[in-house]
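Colleague: Compute the structure for the input listed below.
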Amino acid sequence: MNNTLIHPVVLCGGSGTRLWPLSRKALPKQFAPLVGGKSLLQMTLERLRVLNPDITCIASEDHRFMVKETVEAAQTTGRQILEPMARNTAAAMASAALLAAPDDLLLFAPSDHHIPDAELFARTVRAGIDAALAGKIVTFGVVPSFPSTAYGYIEAGQPSGDGHSQAVVRFVEKPTAAVAETLLLHGGYSWNAGIFLVQARTLVAALRGHAPDILLACERATDAATTDGSFLRLDQAAFQACRSDSIDYAVLEKHKDIAVVKFEGLWSDVGSWNAVATLHPADETGNRLSGKASALNSRNTFIHAPHRQVVALGTDGLIIVDTPDAVLVAGAGCAEQVAEVVRKLSLDGCVEATEHRRVVRPWGAYDSVDNGERFQVKRLTVKPGAKLSLQMHHHRAEHWIVVQGTAKATCDGVVTLVRENESIYLPSGAIHRLENPGKTMLEVIEVQTGGYLGEDDIVRFDDTYGRCGPGHTLADAVKVPVHVPGGAVASAEAAASEVEAMSVGTSAGSGASAALHAPVAH
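Modeller: A predicted model of the protein is given here:
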């Protein structure tokens, strides 16, 4: 079998409506932990790692840090191409092909599919190499196990001559139940997995022939792209001018030289809660339980309960999904209508339609634990070595209480080391920053008080992650005095050394009941 090097490209787009409330716009399904505590994106990267550990991801600017974190968790490498806005798969694939070498063999794979047999998948992909090197666009068809109405179909024709692939006769849209049964009885049809193997030059030529406007817009967007570490940002104005279309409509339904290779393993696009349920084993009465779930006198009930105890009593044919701020209870036959629920909630102004209580940030995450008219309580988790932006709030004060680890807190030019069971007060208008100088996770309870507590009340002066607004500078942001235990004042460099030497995460000898405060009255 041909072992030509394959360059995987993962398409990380998605709005996150079909698996609400776990998946939302701010955290689409590919980033949500669904199987064994892993996200679909991580499992996709681990599967593609068998072919090549250097993987390109195409993602939204808003999700860039989640993608990068998942790439690291999957022990892979590669760059992340960032789209300033969503323009569907044709533009995403065109951009990746233009940024690759013409002879590169690209494997385009969605980020949200579940394929448990990575070795079989790799063998199947390699079976399509000869056809792809012969100038064909190779797609992969899953051998259907039932007449699904949720998937599109591929009709295969004559063998291509390479011993592995067949010519594609046509693509069939998602059919009705009756048509799906007819297709299976007819034979020669497979589910369209939306996975493609193609040389960069072949895809560019196909786009030039069938969608020249998309190709031109992407050429302009890639020519003016900028690089920031592993991130490559497409030019916003050029990419915005590109029309939104899928690769299926823009190219595949018009192109003649397409081959299909059959995949005979298990596959799911995890497109509904019913599909998620099938990823978990069923008990003798058809119940499928995940997390802290129990079912008594119940049948055919799926419960997703990762956080707290959820019990179904006397139920039949239900889907129950529990999250910290929203619960879905639906009949199994209504699973495909969840996106309609999200649309209604969005129209009603319900923030839970798109946002989670726990929000991922490049430095870690925060969880909104409680809130009232003039207060809000958050739990901050800051990764080792990470730091929040140097910032200021006009309308709120903050109180940080360290519950795990040691924090380095900046307040109006004074840096204080705050250990476990110690706290610091940050008045409204103070220029401040929170850092984790240690090697373990830092956990802080943040109490906000004030007349306005919105996330948009923030002015950033310095930020490791490039989120500063224009015109915000602070000339003396680097050299500031530092308060260390014992009352001594030292340089920032000396403070870092002191933290390195101390046993981070313990409060022994630090005065557990004491509170450190910035030199400002409460």
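Colleague: drop to CA atoms for contacts and neighbour counts, all remaining ones
Modeller: Noted.
Colleague: So which other helices or strands are in contact with the one helix or strand D130 maps to?
Modeller: Assigned by DSSP states H and E, D130 belongs to helix 129-133. Helix 129-133 makes packing contacts with strand 137-142, strand 189-199 when contacts are defined by 3 or more C-alpha pairs under 8 Å, 6 or more residues apart in numbering; DSSP states H and E.
Colleague: pLDDT (mean, whole number) over stretch 76-88?
Modeller: Mean pLDDT, taken over the full extent of stretch 76-88, equals 95.
Colleague: Need the contact partners of that stretch.
Modeller: By C-alpha atoms under 8 Å, 6 or more residues apart in numbering, the list of residues contacting stretch 76-88 from outside reads 13, 45-46, 49, 53-61, 64, 67-68, 71, 92, 96, 230-236, 239-240, 242-247.
Colleague: Just the buried residues from the residues you listed, in PyMOL please.
Modeller: Restricted to the buried members of the contacts of stretch 76-88, where burial is judged by 16 or more other C-alpha atoms under 10 Å, the PyMOL selection command reads as follows:
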select buried, resi 13+45+46+49+53+54+55+56+57+58+59+60+61+64+67+68+71+92+96+231+232+233+234+235+236+239+240+242+243+244+245+246+247
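Colleague: follow-up on the earlier one: for the helices and strands packed on helix 129-133, please prepare CSV with the additional fields distance to C334.
Modeller: Below are the helices and strands packed on helix 129-133 laid out as CSV (distance: least, C-alpha to C-alpha, whole Å):
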stretch, distance to C334
strand 137-142, 25
strand 189-199, 22
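Colleague: just to revisit the earlier point, so which of the contacts of stretch 76-88 belong to strands?
Modeller: The strands, defined by DSSP state E, take in 56-60, 231-233 from the contacts of stretch 76-88.
Colleague: so which of the residues you listed comes closest to L388?
Modeller: F231 (19.7 Å; C-alpha to C-alpha).
Colleague: May I have the phi/psi pair for the closest residue in space to the closest one that isn't next to it in sequence?
Modeller: Closest residue to F231 in three dimensions, ignoring its sequence neighbours and counting by C-alpha to C-alpha, 6 or more residues apart in numbering: Q80, at 4.9 Å. Per-residue torsions, Q80: phi -120, psi 120 (degrees, to the nearest 10).
Colleague: try A353
Modeller: The phi/psi pair for A353 (degrees, to the nearest 10) reads phi -70, psi -30.
Colleague: cool, and E352?
Modeller: Summarising the backbone geometry of E352 under the convention degrees, to the nearest 10, its torsions are phi -70, psi -10.
Colleague: P102 and R201 touch, don't they?
Modeller: Yes - counting by C-alpha atoms under 8 Å, P102 touches R201, with 4.7 Å between them.
Colleague: quick one: the helices in the stretch 201-350 of the chain?
Modeller: 212-223, 236-240, 247, 273-277, 338-347 (DSSP state H, counting those that start in this stretch).
Colleague: Beyond the last one, next helix or strand please.
Modeller: Meaning helix 338-347. Using DSSP H and E, the next helix or strand after helix 338-347 towards the C-terminus is strand 358-361.
Colleague: can you pull the buried residues of the very next helix or strand once past that next one?
Modeller: Tracing the chain C-terminally past strand 358-361 and defining elements by DSSP H and E, one meets strand 364-371 next. Residues of strand 364-371 classed as buried: 364-368 (neighbour count, 16+ other C-alpha under 10 Å).
Colleague: about what we covered before: can you list the helices and strands packed on helix 129-133 in JSON lines and add mean neighbour count and mean pLDDT?
Modeller: Formatted as JSON lines, the entries for those read as follows, by neighbours: other C-alpha atoms under 10 Å; pLDDT from 0 to 100:
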{"stretch": "strand 137-142", "mean neighbour count": "24", "mean pLDDT": "96"}
{"stretch": "strand 189-199", "mean neighbour count": "24", "mean pLDDT": "96"}
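Colleague: who wins for proximity to V35 among the ones you listed?
Modeller: With C-alpha to C-alpha as the measure, strand 189-199 is the member of the helices and strands packed on helix 129-133 nearest V35 (19.9 Å).
Colleague: Mind giving me the packing neighbours of that closest one?
Modeller: Judged by 3+ C-alpha pairs under 8 Å, 6+ apart, the packing partners of strand 189-199 are strand 105-110, helix 129-133, strand 137-142, strand 153-159.
Colleague: Show me how far the third one is from its chain's centre.
Modeller: When C-alpha coordinates are averaged (C-alpha atoms, centre = their mean, to the nearest Å), strand 137-142 and its chain have centres 25 Å apart.
Colleague: For E398, give the beta-bridge partners.
Modeller: E398 forms beta bridges with L426, Q448, as assigned by DSSP bridges.
Colleague: related to what we said a few turns ago, of all the helices of the stretch 201-350 of the chain, which one comes closest to R299?
Modeller: With C-alpha to C-alpha as the criterion, R299 lies closest to helix 273-277 of the helices of the stretch 201-350 of the chain, at 13.3 Å.
Colleague: what about E340, how many neighbours?
Modeller: A count of nearby residues for E340, using other C-alpha atoms under 10 Å, gives 12.
Colleague: ok, now which ones touch it?
Modeller: The neighbourhood of E340, defined by C-alpha under 8 Å, 6+ apart, contains no residues.
Colleague: Next one: it relative to R379, how far apart?
Modeller: From E340 over to R379 the distance is 32 Å, taken as C-alpha to C-alpha, to the nearest Å.
Colleague: before we move on, what about I258?
Modeller: Distance of I258 to R379, given as C-alpha to C-alpha: 52 Å.
Colleague: same check, this time on G314
Modeller: When C-alpha to C-alpha is the yardstick, G314 and R379 sit 37 Å from each other.
Colleague: So between the two, which is more surrounded?
Modeller: For G314 versus R379, neighbours defined as other C-alpha under 10 Å are more numerous around R379 (21 against 11).
Colleague: Confirm that one sits in a helix?
Modeller: No - under the criterion used here (DSSP: H, G, I helix; E, B strand; the rest coil), R379 is strand, not part of a helix.
Colleague: Q376 sits in which helix or strand?
Modeller: Under the criterion DSSP H and E, the helix or strand holding Q376 is strand 375-382.
Colleague: tilt between that strand and strand 364-371?
Modeller: 160 degrees (axes from the mean of the first three to the mean of the last three C-alpha atoms, to 10 degrees).
Colleague: So which elements touch strand 375-382?
Modeller: Identification of packing neighbours for strand 375-382 by 3+ C-alpha pairs under 8 Å, 6+ apart yields strand 364-371, strand 442-450.
Colleague: ok, residues contacting the helix or strand just after it?
Modeller: The helix or strand immediately downstream of strand 375-382 is strand 390-392, counting by DSSP H and E. Residues outside strand 390-392 that contact it (C-alpha under 8 Å, 6+ apart) are 428-434, 458-463.
Colleague: what does stretch 244-252 give?
Modeller: In contact with stretch 244-252 (C-alpha under 8 Å, 6+ apart) are residues 86-91, 93, 206-207, 210-211, 258.
Colleague: centre of the chain versus that stretch, how much separation?
Modeller: A distance of 23 Å separates the C-alpha centroid of stretch 244-252 from that of its chain, computed with C-alpha atoms, centre = their mean.
Colleague: Check the average confidence over that stretch, would you?
Modeller: Stretch 244-252 shows a mean pLDDT of 95.
Colleague: Now F121, what are its backbone angles?
Modeller: Main-chain torsions, F121, degrees, to the nearest 10: phi -60, psi -40.
Colleague: my guess is it meets K262, correct?
Modeller: No - if you go by C-alpha under 8 Å, F121 and K262 don't touch, sitting 10.3 Å apart.
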